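K.L.:
Sequence and predicted structure, then a few things I'm wondering about:
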Amino acid sequence: MTVAGRASEAAGKNRRAVPQTALLVGGLILLAVLAVLTMGVGARHVAPGEVVRALFDYQGTDDHVVVRDVRAPRALLAVAVGAALAVAGALIQTLARNPLAEPGILGVTAGAGFAVTLGSAAGLAGGRAGELGFAVAGSVAAAFLVAAVGRTSPLRLVLTGVAVTAVLNGVALGLRLMLPDTFDLYRFWSVGTLAGREQAALSWPLTAIAVSLAGALLLSRALNALTLGENVAHTLGANVGRVRLTTLVLITVLSGAATAVAGPILFVGLIVPHLVRKPASGSVPWLIAYTMVLGPVLLLAADMAARVLLPTGEVPVAIVTAFLGGPMLIWAVRRYGAGSL
């Protein structure tokens, strides 16, 4: 390529980078605005200006206590869970080369549900801390089982995930049918919601999510090379086996921690990567960055809608995301075709 050609290509990349950066900054501004609005919505309405004062000039009033002690931790949880699920979805779709893949395909959700059911049946998963521990352990064990069996190819990974999910869901359902008390304990965890979850011990799950999100950003360039094909990735110096293993670990930690603290919340990992795929222009680093911002935006909006849809109480946020995710899945199938499944 001539010097003039290289200069033209570099100028084209710079022109694309400016709108992409502007979109990312716009997304961050939208996230901040939505977080403030969300902290004002609920049984007790708090004006946006008062929310800002509660965060930066705490006076100890009733409104400030509600914002600082309840709604701010809940908003933080929504940001962490939304980012974790969205980035995990982008990673699994990139790794499996399947635009319809989502984090649950690794058996994470089924593993967490099976472990909580088993712990409840044994009388060991009482309380939020017990549920959290069993959910994390189950999601990690299921994901690594799927990864160990299906690591050789994207198709085998998907098929293994579907099989393991079916088995774990079947066994867990059998236990819940035979042990009604276990079902009563399980059903409270199985509702994907943010309500009340902000009061649990979240320091370790949120730290794991933050570290994994940073790891996803660092790994994104290697994944970018992997999308060009294994031979090209080798030529560019990427260790394909290590990249795959690291990606699987990140997906497991992100989706496992999010599921453990908030319960099963479906479709976020499917919806968000599709919404940002076009502005990302085939770049995995930009895809990860966009999903890291838009995932929290989606979950904050869904959580705010969940609080106001019913005048007598809250709708679990997982129901809101399911209403959004159903049409999105139909759109994805129509766009990419059933052959992508």
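P.N.:
In hand now; what should we look at? Numbers count the residues shown, from 1 in each chain.
K.L.:
Touching, Thr160 and Gly150? I think so.
P.N.:
Yes. Thr160 is within contact range of Gly150, at 3.5 Å (criterion: C-beta atoms under 8 Å). (C-beta placed from N, C-alpha, C; glycine too.)
K.L.:
So which residues of the stretch 151-300 of the chain form helices?
P.N.:
154-178, 180-190, 203-226, 230-235, 240-262, 268-280, 284-308 (DSSP state H, counting those that start in this stretch).
K.L.:
among those helices, which is nearest Gly27?
P.N.:
Closest to Gly27 of the helices of the stretch 151-300 of the chain, according to C-beta to C-beta: helix 284-308, at 4.0 Å.
K.L.:
Just the buried residues of whatever helix or strand comes next after that closest one, please?
P.N.:
Once the chain leaves helix 284-308, the next helix or strand it forms, by DSSP states H and E, is helix 317-336. Using 16 or more other C-beta atoms under 10 Å as the test for burial, helix 317-336 gives Val317, Ala318, Ile319, Val320, Thr321, Leu324, Gly325, Met328, Leu329, Ala332.
K.L.:
quick one: average pLDDT of helix 317-336?
P.N.:
For helix 317-336, mean pLDDT is 76.
K.L.:
so what's Ala80 up against?
P.N.:
Neighbour list for Ala80: Pro205, Leu206, Ile209, Ala210, Ala258, Pro296 [criterion: C-beta atoms under 8 Å, 6 or more residues apart in numbering].
K.L.:
what's the answer for Phe114, then?
P.N.:
Gly138, Ala142, Leu168, Asn169, Val171, Ala172.
K.L.:
Ala110 is in contact with the fourth one, correct?
P.N.:
To tie it back to what came earlier, the one meant is Asn169. Yes. Applying C-beta under 8 Å, one finds Asn169 in contact with Ala110, separated by 5.2 Å.
K.L.:
Look at the two and report which has more neighbours.
P.N.:
The neighbour count for Asn169 versus Ala110, taken as other C-beta atoms under 10 Å, is higher for Ala110 (28 against 17).
K.L.:
Tell me what angle the strand or helix carrying the more buried one forms with helix 154-178.
P.N.:
Take DSSP H and E as the rule and Ala110 turns out to sit in helix 108-121. Going by axes from the mean of the first three to the mean of the last three C-alpha atoms, to 10 degrees, helix 108-121 is angled at 30 degrees with respect to helix 154-178.
K.L.:
After helix 108-121, which helix or strand is next? Please name it.
P.N.:
helix 127-150.
K.L.:
who does that next one touch, helix- and strand-wise?
P.N.:
helix 108-121, helix 154-178, helix 240-262 (3 or more C-beta pairs under 8 Å, 6 or more residues apart in numbering; DSSP states H and E).
K.L.:
what about the helix holding Ala110, distance to the chain center?
P.N.:
19 Å (C-alpha atoms, centre = their mean, to the nearest Å).
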